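*Asks:* Next input, structure requested:
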Amino acid sequence: MNIRNLRKGFAAAFASAMICVLSVCLSSAAFAQSEDSLRYQAGPRFASSPVDSLVIDDFLWCNRYVMPNQAYARLSDFERLRVAPQLKGYIKAKYRMFITQPIDHKHPEKGLFKQRVIVGFTDFKAPTVIITEGYTAKYGANPRYVEEVAYLLQCNFVLVEHRYFNESVPFMQDDSTITWDKLNWDYMTAEQEAADLHEVRKAFSHIFYGKWIATGISKGGQNCMAYTMFYPKDVNVSVPYVGPVARAQEDGRHEPFLRDSTGTAEDRSIIYNFQMEILKRRDVMEKMLGDFSQKNNLTYNISIPEVLDYCVLEFPFAFWQWGRKTSTIPAVTESDEVLFKYFVDAVGPDYFQSWDDNAPFFVQAAKELGYYGYDTKPFKKYLKIKSSKGYLRKIFLPGGRKFKFDKSLYKGLTNFIANTDSKMMFIYGEWDPWSSVRPNNPGHDNIKFYIAPGGSHRARISNLPPAMKDEALKTLKDWLK
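*Replies:* Numbering: from 1, shown residues only. Below is the predicted model:
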């Protein structure tokens, strides 16, 4: 018998023994309390040969730990993905697969769905980064994709697509007649997504037995915070990037931040004057916006004059979020064509289209994540809209659905970050509008905040000032010892 078959034979015997032990536990009332400790005892892996490779048998090995009568937490539909030549020294193998999840983790009997997961492998003993994506994970299939923390620390990564996005939409997977406006959104919550991540973490702990790091960007950053709050023992370190913690559908803190805290007074004046000039040229700008929308197949739930108003109101938010410089803004004396081109490049009218792949975010924003409002007062004389209040429902929600905002997540995260012993590193950009709703820094040794000077929503460890970057990396390495 060769060494590979020997390993497989031993794996089968070990799995059979585990099933016997677990079957006994199933008859005990204490099973619910002991399940996690049993499933985290991964032990050595037996499927792969040689020991520095990752093969599909390793993922099937994870399935051996699923309870015999349990329909979820199983991995399937494996596909090996290409890795760009420049990354092959780091990523030795990469796979796409699906994990079966309960639609409602509190009541698995309500139904299941498949959630996309992409795995990058470097070493079984290395730490593993679980990427708490807030949207789709389809970008992870790009051969050049690499996650910052995983790359900086040479870790494995497990990228998890957020439920209700792209290939991971409950209900629709089983019924093609369900439309977005008829979809049941009850289970689009941070708590359910945290439970998804917990199941992924348990599944892959059977092959990746180093330390674990959670990280995510923007909505994924907030998802990272929520996962750490609901399952603090799952990870050793959390690194949320530019994650907001908003307290209402229209939080109210973004507008004064944009008015008083972004850039210099001169920068803010240049932006205001540009907005005013667009509105003063409304007739021609509306015509150009209509033509632009038709050419790009953009449809809206509101009229073109209203779209123009919202694009003007959105302009400073988008400008600072993505780190533009006021030196690039055309002079107000420039031609209509020059002003319009810069305007649509900066704002992106497609943001206001009736529906796109990222639109499930707006449902969760309305339910519990919160969002921002607009300051209409300086432009009231020139706007066609009477008020922007409630625009989230009017523009973005499927079928004009109405959701009552639940403050529980905001209160929970605020309290958790203020009191947790979990090791958490927060990265923000100084002038990113989302920094206006970042959590407070409690000043504890286990909580670190790094604010990139003049930074935007693109703030990362790699683009922090050198001394700040070195300190952040040293802190992460110390936390993982």
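
*Asks:* hey, where'd the helices end up in the stretch 51-200 of the chain?
*Replies:* 56-63, 148-153, 190-204 (DSSP state H, counting those that start in this stretch).

*Asks:* who are the neighbours in contact with the residue lying closest to Asn296 once chain neighbours are set aside?
*Replies:* Nearest residue to Asn296, sequence neighbours excluded (Cβ to Cβ, 6 or more residues apart in numbering): Asp350, at 6.9 Å. Every C-beta, even on glycine, is put in place using the N, C-alpha and C of the backbone. By Cβ atoms under 8 Å, 6 or more residues apart in numbering, the residues touching Asp350 are Asn296, Leu298, Asp356.

*Asks:* And Pro244, by the same measure?
*Replies:* Ser218, Gly221, Gln222, Leu369, Gly370, Trp434, Val437, Arg438 are the contacts of Pro244 under Cβ under 8 Å, 6+ apart.

*Asks:* Ramachandran coordinates for the residue nearest to Asn296?
*Replies:* phi -60, psi -20 (degrees, to the nearest 10).

*Asks:* from here on, count from 21
*Replies:* Yep, numbering from 21; the last one is Asp370 now.

*Asks:* gap between it and Glu153?
*Replies:* Using Cβ to Cβ, to the nearest Å, Asp370 is found at 21 Å from Glu153.

*Asks:* remind me which residues of the stretch 271-420 of the chain are low pLDDT?
*Replies:* Counting by pLDDT under 70, the stretch 271-420 of the chain contains no low-confidence segment.

*Asks:* where do the helices sit along it?
*Replies:* 274-280, 285-300, 302-315, 324-341, 356-367, 380-384, 411.

*Asks:* Of those, which is nearest Ile405?
*Replies:* helix 324-341 (4.9 Å; Cβ to Cβ).

*Asks:* How about Phe416, nearest residue that isn't a chain neighbour?
*Replies:* Phe382 (3.9 Å).

*Asks:* Can you give me the end-to-end span of stretch 91-104?
*Replies:* Across stretch 91-104, the terminal residues are separated by 36 Å (Cα to Cα, to the nearest Å).

*Asks:* So for it, what gets flagged as buried?
*Replies:* Tyr92, Ala93, Arg94, Leu95, Leu101, Val103 (16 or more other Cβ atoms under 10 Å).

*Asks:* With stretch 172-184 instead?
*Replies:* For stretch 172-184, burial by neighbour count (16+ other Cβ under 10 Å) applies to Leu172, Leu173, Cys175, Asn176, Phe177, Val178, Leu179, Val180, Glu181, His182, Arg183, Tyr184.

*Asks:* hmm, back to that, identify whichever of the helices of the stretch 271-420 of the chain lies nearest to Glu129.
*Replies:* Closest among the helices of the stretch 271-420 of the chain, using Cβ to Cβ: helix 380-384, at 24.2 Å.

*Asks:* for this protein, what spans make up the strands?
*Replies:* 95-100, 113-122, 132-141, 148-152, 176-180, 232-237, 257-261, 444-449, 467-472 (DSSP state E).

*Asks:* of these, which approaches Trp81 most closely?
*Replies:* The nearest among those, by Cβ to Cβ, is strand 95-100 at 9.7 Å.

*Asks:* Keeping just the C-alphas, turn that closest one into PDB.
*Replies:* Below are the C-alpha coordinates for strand 95-100, written out as PDB (Å, rounded to 0.1, in the frame of the first residue of the first chain):
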ATOM      1  CA  LEU A  95     -18.300  21.600   1.100                       C
ATOM      2  CA  SER A  96     -19.000  20.900  -2.600                       C
ATOM      3  CA  ASP A  97     -18.700  22.000  -6.200                       C
ATOM      4  CA  PHE A  98     -14.900  22.300  -6.200                       C
ATOM      5  CA  GLU A  99     -13.000  24.100  -8.900                       C
ATOM      6  CA  ARG A 100      -9.300  24.800  -9.000                       C
END
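
*Asks:* about what we covered before: which residues does the residue nearest to Phe416 contact?
*Replies:* Tyr391, Leu412, Phe416, Leu417.

*Asks:* Of the residues you listed, which is the most crowded?
*Replies:* Neighbour counts for those, by other Cβ atoms under 10 Å, peak at Phe416, which reaches 23 neighbours.

*Asks:* Isn't that one up against Ala379?
*Replies:* Yes. In this structure Phe416 lies within contact range of Ala379 using Cβ atoms under 8 Å: 6.5 Å.

*Asks:* which one of the buried residues of stretch 91-104 is nearest Ile467?
*Replies:* For those, the nearest to Ile467 is Ala93 (31.7 Å; Cβ to Cβ).

*Asks:* wait, isn't the closest one in contact with Phe118?
*Replies:* No. Using Cβ under 8 Å, Ala93 is not in contact with Phe118; the gap is 11.5 Å.
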